[in-house]
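[1] Can you look at this prediction? I've put the sequence above it.
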Amino acid sequence: MEYIIGVDIGGTFTDCVVLDSDGKLTIGKALSTPHDFSVGVVDSLRNATENLGLPGIGDLLRHTRLFFHACTVADNTLITRAGAVTGLVVTEGFPDTFLMMRGNVHLGLTESESSHLAALKKPEPLVPRGLTEEVPGRIDYKGSVLIDTDAARIEEAVGLLVGKGVESVAVCLLWSIANSAHEKAVADVIRRKHPEVHVTCSSDIAPFLGEYERTTTTIFSAYIAPKIVAYMRSLQEKLAGNGLKSAPLVMQAYGGMLSIEATSQNAIGTLESGPAAGVVGSKFIADMIGEPNVLATDMGGTTFKVSLVRGGHIERDFQPVFERYSILAPKIWVASIGAGGGSIAWIDDNSGLLKVGPRGAGAAPGPVAYGLGGTEPTVCDADVVLGYLNPGYFLGGRMTLDKEKATAAIDEHIAGPLDMTTVQAAGGIFRIINAHMSDLIRRCTVERGHDPRDFAMVAIGGSAPVHVARCAVQLGVRKVVIPLTASVHASTGLISADVTYEYGMSDHAVVPLDPARLNGGFDKLCAHAAEDLSSAGFRQDDTVILRSVDMRYRYQVNEINVPVPGAGPLQEADLEQLCSRFDELYEQSYGKGSGYPEAGREMLSLRVTAIGKLAKPAVHKHPGGPGDVLEARKERRDVYFEEYEGFTATDIYDFGRLSPGMSIAGPAVIETPVTTIVVNPKDRAEMDAFRNVVIHVG
Amino acid sequence: MKRPLRENLELDDDSGSPRVLCTRCGFDFGGEDEWRERSYVKRQSPTAGGPLMKDLEGQFLLEQLFCPQCKTLLDSQIVEVES
Amino acid sequence: MTTARNGGVDPITMEILSHRLHQIAREMGITLERVGGTVNTTQQHDYMASLYTADGDVLSGGESLGQHVACAGFAVKKIIERFEHGDGIFPDDVFLLNDPYQAAIHQSDVYVLSPIHHEGRRIAWSATFVHVMDIGALSPGGNSPAATDICHEGVRIPGIKLVERGKLRSDVFDAFVTMTRQPIMVGLDLKCEIAANNVAKARVHEVVDQYGPEMLEAVSREIIRFTESVLRERIREFADGSWSETGLIQGDETWKMQVTLSKRDDRLIFDFTGSDKQAKTGINLPYHATYGTCFAAVLSTIGYDIPKNHGAFAPIEVVAPPGTVANVQYPGPVSLNTTSGGATARYLAPAVMMQMLATNEHWRDEVMAHDAGHRFARHAGVNQYGRYYVSSLSEGAIDGRGARADKDGVDSGGRGWSSCQNIEWVEQNFPILYLFRRHLKDGSGAGRFRGGTGSETALTVHDAPEGQIRGVALGVAGLRNSGQGMFGGLCGAPSLLVLKEETNIWDTMSENRHPVDVEAMGGTSEMLPYCDFDVKDRSVLYMRLANGGGYGDPLDREPEAVLRDVANGLVSREVAQEIYGVALTPSKTAVDAAATEELRAAIRAQR
């Protein structure tokens, strides 16, 4: 037997999924260990080993062909501000680029935060002004050297930083994307004189136009790199020590895998890679059930997140916002709001209106019903009061919910003041949170030119299957899928991913484009790609190289990533086709007649995605059972549905006893060990051959 | 009862007619409309407010109002030389 | 706890629908940003998108600026007035208006307004404006320094149908864009406005289909009533009083603008009586622009967290005598007003509000020093690729903001949604080379809390096929722009535009040294008024942005905060000593507490 393993580190649990050569999935779980995350990784593998019935972890790892991993080390380092003491080297005359933030203090703030001018602040910078040094040297937009750099001044600057205890240096000089000689000179000095200091050059990790975003990207990377490098080393040792022979692969925020070496060189790539694995998991489900367009939704305790899969491709964001900074590292596109099971319901003193979120009760104390000291009513409390959640079977019975406390909290804080019944208040909380979530999905689809009716929804996260079918009906989405592997969804994503390298560079040119120039640029990027793929052990047959360009109309800001067809050198005709493809994509995104060809078009960057395909067994299909769906019914209880304006006796089903092909008409509730699926009165739920629950809406 | 008027000044309306007091030293500036007149006024070169105000020299002056008793700064204005 | 009595609307539906209406207005704005023609719209957030009731009351201002939302409140009502009993208002009509005597701030703000009907009955309005690139005025771009009356300032339309019952009137469309210098660009702007209004219509129809027109009306009424009642309640929290402030509008001449804010029970009256007579250059504000400025000042201070709608009109009264700079009458020009009269009003209205806020314990933490604007510049010419271009420098986004009652002002930023362009972006597109862009040392106004630090920038021409480019010096002229101090806090250093010619910068660079010291650049130096100028080979344009004004007495500032500012290069050791009275140890790494106490006592004694 041979295995493929995916291990994902989450906030609380480290999850593990093992796929064997027969296509059978086995799950392992352990607590995450923030002091050294690699401990939790090994623990989860041990748990999976037990579930597989193998004698020891070595018996699993020795037979593992592929090992995939997603870690939160980068996120954790950033959130806890536990990164390296980082210094910054910049071009003389421009010391404050990072601190100025291009003046856009509002980026990353909510609307209400940014409207309160008297409270506005910039974030505490990762590199304080005192750890920034200017070095001479000026390069222009063509890459010509106007002022040469000076080795002695570089040594002096670096020496000052090291003297102040700097452990990692970010180097970002003006126009290093056109000529990286000066950045290389700085890096050389650091490597020669201070080999213990980590160095990150902007021209290596983000060769894109725009010194502010490039500086930010370089600083973030420099700040987290030493932690990532140390973690990767420790992980590799532990896995190899337990018998793993293959080289582990690490999930990147754009949804692809890289080797440990490549990850160490591009530390920023692992930021938010856990959620990325989740989206890859949703795409895996979508492929499984043959849906090309998917709204990948995730609703946990605090946030509701939406990503898009369109035409079988996950939408990416080439300039995502982290905290309050914009970063030039590709990432899966995601939109989120503060809406989760722990979102607090409250009454606005001014208006007397019921509000839900964005503030949440967090994991501790959490909802009132958890009985951990929470006093403010939450969405989860409303879900208990309305009968959706089973107080005796929450998380498969691992936790008991206190319905009385939840009721009392809703009475005291909401129902009483609003002169309503408990159920009206709980129903109100439920409707309002669903409306906020629908508004977010609307922003992700309608506002970006997509019709939600063309999408299926994949719902993961503990709270999603209670709520999202209500959003679906609001928006005309016809199908909601709750995957079998919902509890280890990100790990499932891991084992479905391929090795993927991303390359890019700024190359500004106005249309008509010169084919020779484009071919030259792509040749350079593709050569890198071919080299990396081959040294990762891929044969050419197993690789795919995709080319694209970022384009826009002149004077406009909206950039569109336009795929470049084929693999060969580009001819004039190809470029004309590229332009018309751009016009098409633009109108698709921004509406008919929105294009502005009269202004001319321009190209901004070249991008190459290099994929190394990994062979994997197909997931096992379960045969349909002959049984009666009523055998899966565990009880009846009163559940609230707005269609009936009150409670109705509702069948409750045990997920474990359902078999493929079974169909349940709403109203109904299906309880699984990890979540609760609400089937609304006009909907119908069905179990598919992979044991996913599919809700057909309306 | 005392309530704030602005930084370093408060209004005391215990006695029926409100009086403006210095919050630092308690100096009594009189009624609400009188505190400016009763402040100690100093006019000097605008550069007393910072070296980069030198462009204003000749045309403008820095006019500052202080509490006459404890010299706490109450107001700073850039005024034209002739005014 | 307030008990909800939402005019018969249940509080849940009320919450869901008011959120939804806000999202609709916001989506209109996104539509403008996405498909707009000018960078004003696509990058600088200079637009307005709102929803209105059937009678033209502002219902939801989305994320638009308060001033614009207020002006638009006038626009819809003017259209109703003009058409209701004349040519009629029909389903799927779309109107255009840009007359500053009706509702626009100046002609460049082109309004597009659209009624929304349900089964033949008007149930709402939507409206947008964008600041178009050109309006056929005396000078390209719309700001015409030489204009002496409104007829020099371009196309002026008090109301016309652009779309009639769903059909675009191409005669009107073509006539309008043809009167401008940039017909394609302006045409695109009009189209994006129509698109945004169509979005509003579609979304409002969705709401009405689900909830019915009666519910929409009830909710609309309630949202407006809510804003009015909260605002009145908050105004009532302050003791009655009145506060005054005077500002100067500087150009070739100087005009005075004056305001007195009187707070009476639950009303605020802004009275501009005493302001100078209207000018024969375009610095004048139309009444609704003056009104909008006061509206914005009230909402951004005591109403930043409540919906911006017509409810805020009721408690705010603005008195501005006709024929003054605060209420221009025909044929007074207006095209320069946003950076002159408007900038002064945008300083005055908040300034008096702040004086009021300071009198209330609950509100005093909201006090913030304001600025009187800054300089900026446009540039145009042939770029390194041989194409003619017109653009603006965007450093205005990195000026320093005013100090607050409990914290320093924001350094380099926070003015709004606009962003400063990357240097690499500018240099790639235009024949410009930056010499430096950095925080300005000693620029911020001192105080217990200091103003935000502004920036300074120097640039020259590089690879210009014509050897030079053309500049237009704009923004608030005079030396009393920049951040104004509050309650003793000092003013920020003035915002300047300085043109240096015949400098030695290229000699310096050829010696592999960076020309980063303005004083050492040699050549001539001229402080630019409102004018056109050339940036030639060896010329340097030096630009200093506004610096935040300080708050309170600098001797009350925490010495540790001064130490931090010195360490971060924002305050010099001299200013630390002389203005803040803080003595540092010789290594500048710690405060010398004893020496500081002595120094502060000495400064106090010398006052």
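    That came through, no problem. Given the structure is predicted, the values throughout are model-derived calculations rather than measurements. Numbers count the residues shown, from 1 in each chain, chains lettered A, B, ... in the order given.
[2] I'd like the next helix or strand past the worst-scoring helix or strand of chain C on mean pLDDT.
    Taking mean pLDDT, DSSP states H and E as the measure, chain C has helix C:39-42 as its least confident helix or strand, at a mean of 70. Using DSSP states H and E, the next helix or strand after helix C:39-42 towards the C-terminus is strand C:47-53.
[3] what's that following strand packed up against?
    For strand C:47-53, the elements it packs on are helix C:11-35, strand C:58-60, helix C:66-83, strand C:121-131, helix C:183-211, helix C:213-236, judged by 3 or more Cβ pairs under 8 Å, 6 or more residues apart in numbering or on different chains; DSSP states H and E. Bear in mind the C-beta positions are built from the backbone N, C-alpha and C, glycine included.
[4] The shortest one near chain A anywhere?
    To tie it back to what came earlier, the one meant is strand C:58-60. No: contact of strand C:58-60 with chain A (Cβ under 8 Å from any Cβ of the partner chain) is absent, the minimum separation being 12.7 Å.
[5] how far out from the middle of the chain is that strand?
    Relative to the chain's own centre, strand C:58-60 is displaced by 20 Å; criterion: Cα atoms, centre = their mean, to the nearest Å.
[6] do the fourth one as well
    Its chain's average C-alpha position is 22 Å from that of strand C:121-131, according to Cα atoms, centre = their mean.
[7] State the paired neighbours of that strand in the sheet, together with their directions.
    strand C:47-53 (antiparallel), strand C:109-118 (antiparallel) (DSSP bridges).
[8] Of all those strands, which one comes closest to residue A:197?
    strand C:47-53 (47.9 Å; Cβ to Cβ).
[9] and the closest one with helix C:11-35, angle?
    150 degrees (axes from the mean of the first three to the mean of the last three Cα atoms, to 10 degrees).
[10] can you give me the mean pLDDT across strand C:47-53?
    Strand C:47-53 carries an average pLDDT of 93.
[11] And stretch C:238-253, by the same measure?
    Mean predicted lDDT for stretch C:238-253 stands at 90.
[12] again, but for stretch A:532-545
    pLDDT averaged over stretch A:532-545 gives 87.
[13] How about stretch C:183-190?
    On average, stretch C:183-190 scores 86.
[14] which residues are in contact with that stretch?
    With Cβ atoms under 8 Å, 6 or more residues apart in numbering or on different chains as the test, stretch C:183-190 has contacts from A:555, A:596, A:598-599, C:35-38, C:41, C:96, C:110, C:112, C:130, C:132-135, C:162, C:173, C:176-177, C:180.
[15] ok, of the residues you listed, which come out buried?
    Neighbour-count burial (16 or more other Cβ atoms under 10 Å in any protein chain shown) applied to these gives A:555, A:596, A:599, C:35-38, C:41, C:96, C:110, C:112, C:130, C:132-135, C:162, C:173, C:176-177, C:180.
[16] so where's the chain uncertain?
    By default, I'm working from chain A. A:363, A:486-487, A:555, A:557, A:591-594, A:625-626 (pLDDT under 70).
[17] was after chain C, sorry
    C:1-7, C:37-39, C:42-44, C:414, C:416-417.
[18] that's a helix at residue C:352, yeah?
    Yes: assessed with DSSP: H, G, I helix; E, B strand; the rest coil, residue C:352 lies in a helix.
[19] who touches it in this structure?
    Residue C:352 touches C:243, C:244, C:245, C:259, C:260, C:261, C:270, counting by Cβ under 8 Å, 6+ apart.
[20] Same check on residue B:6?
    B:74, C:355, C:358, C:359, C:487.
[21] from memory residue C:354 sits against residue C:363, does it?
    No: Residue C:354 lies out of contact with residue C:363 (Cβ atoms under 8 Å); the separation is 9.7 Å.
[22] what is residue A:651 paired to in the beta sheet?
    Bridge pairing for residue A:651 - DSSP bridges - gives residue A:636, residue A:668.
[23] could you check the distance from it over to residue A:135?
    Computed with Cβ to Cβ, to the nearest Å, the distance linking residue A:651 and residue A:135 is 72 Å.
[24] With neighbour numbers in mind, choose between those two.
    Shown here are residue A:651 and residue A:135; by other Cβ atoms under 10 Å in any protein chain shown, residue A:135 has more neighbours (25 against 21).
[25] Torsion angles phi and psi at that one?
    Taking degrees, to the nearest 10, you get phi -120, psi 150 for the backbone angles of residue A:135.
[26] helix/strand/coil for the residue of the stretch 201-350 of chain A found nearest chain B?
    As assessed by Cβ to the nearest Cβ, chain B sits closest to residue A:349 within the stretch 201-350 of chain A, at 23.0 Å. With three-state DSSP as the basis, residue A:349 sits in coil.
[27] Also residue A:431?
    Residue A:431 ends up helix, using three-state DSSP.
[28] How about the secondary structure of the residue of chain A most remote from its centre?
    Residue farthest from the centre of chain A, counting by Cα atoms, centre = their mean, is residue A:152 at 43.8 Å. Counting by three-state DSSP, the backbone at residue A:152 sits in helix.
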